[in-house]
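> task: produce atomic coordinates for the following.
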Amino acid sequence: MCGRFTLTVGLGEIKEHFQVEEITSRDSVPRYNIAPTQSVPIVVYRENTRRLVSMRWGLIPYWAKDVSIGSRLINARSESLSEKPAFRHSFRRKRCLVPADSFYEWKKDTSGKKQPMRILFAQGDLFAFAGLWDQWTDPEESCTLHTFTIITTSANDKVRPIHPRMPVILDRSEEDLWLDPRIQDPDGLKSLLDPCDPAPMRTYPVSPIVNSPKIDQPECILPME
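Residues are numbered from 1 along each chain as shown. Model prediction:
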């Protein structure tokens, strides 16, 4: 799974990297410990424009009765996107890029203790998780929420010693295809959901302070001594 990630750059760098033409997101960045239910900038393609918008992490399908389902849908398994009612509509019509520059997983030692690990590319480059989004309206309060989930796949060789699953990380050459609204038969996109190349990735242990979603500061990403 993917339960925490980072985005340690500003909106300007995100805009340049992802060739965003319009920014409506006012989310605070940099972020060092993004957790479920929090709002972050997401890239979508609407009305022939790449847009950077604010969305809450934890998908709430349009048909949901209340927001509680979102906390259980922070991730979507790549193997079952077409079958799961919560994801199949968004897989066809509402795909997004989730900007990030690292994510965290917790590695168990022989005693069962969990050590948080930061996982990133060697140069600390920005990248995109493959995501899905949806729009939900509260029938009682007429309140609309835009929410997203991060797709996961089996872990590559670099992540597998830490955790058996990892988020789908798209290659730059795959991002346009993933966002293309003309593709409504997503079977052709499943080849994008394989684990990314492990060669340029690195991992290192970080402080247990990342265990708390209330702590979001540069110390979260520092290597442990």
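> quick one, longest helix in the chain?
Ordering each helix of the chain by length in residues (DSSP state H) puts helix 85-93 first.
> who does that helix touch, helix- and strand-wise?
strand 127-138 (3 or more C-beta pairs under 8 Å, 6 or more residues apart in numbering; DSSP states H and E). All C-beta atoms are positioned from the backbone trio N, CA, C, and that covers glycine.
> packing partners for the helix or strand following the strand it packs on?
The helix or strand immediately downstream of strand 127-138 is strand 143-154, counting by DSSP states H and E. In terms of contacts (3+ C-beta pairs under 8 Å, 6+ apart), strand 143-154 is packed against strand 49-57, strand 75-77, strand 95-100, strand 127-138, strand 165-167.
> grab the nearest non-local neighbour of residue 94.
residue 133 (4.9 Å; C-beta to C-beta, 6 or more residues apart in numbering).
> ignore the last one, residue 186
residue 91 (4.9 Å).
> quick revisit: could you dump the helices and strands packed on strand 143-154 into a markdown table and include mean pLDDT, mean neighbour count and distance to residue 12?
Putting these into a markdown table (pLDDT from 0 to 100; neighbours: other C-beta atoms under 10 Å; distance: least, C-beta to C-beta, whole Å) gives the following:
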| stretch | mean pLDDT | mean neighbour count | distance to residue 12 |
| --- | --- | --- | --- |
| strand 49-57 | 97 | 19 | 11 |
| strand 75-77 | 98 | 20 | 29 |
| strand 95-100 | 98 | 25 | 12 |
| strand 127-138 | 96 | 21 | 17 |
| strand 165-167 | 98 | 23 | 24 |
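> how about a markdown table for those, with distance to residue 28 added?
Formatted as a markdown table, these follow (distance: least, C-beta to C-beta, whole Å):
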| stretch | distance to residue 28 |
| --- | --- |
| strand 49-57 | 10 |
| strand 75-77 | 23 |
| strand 95-100 | 14 |
| strand 127-138 | 19 |
| strand 165-167 | 22 |
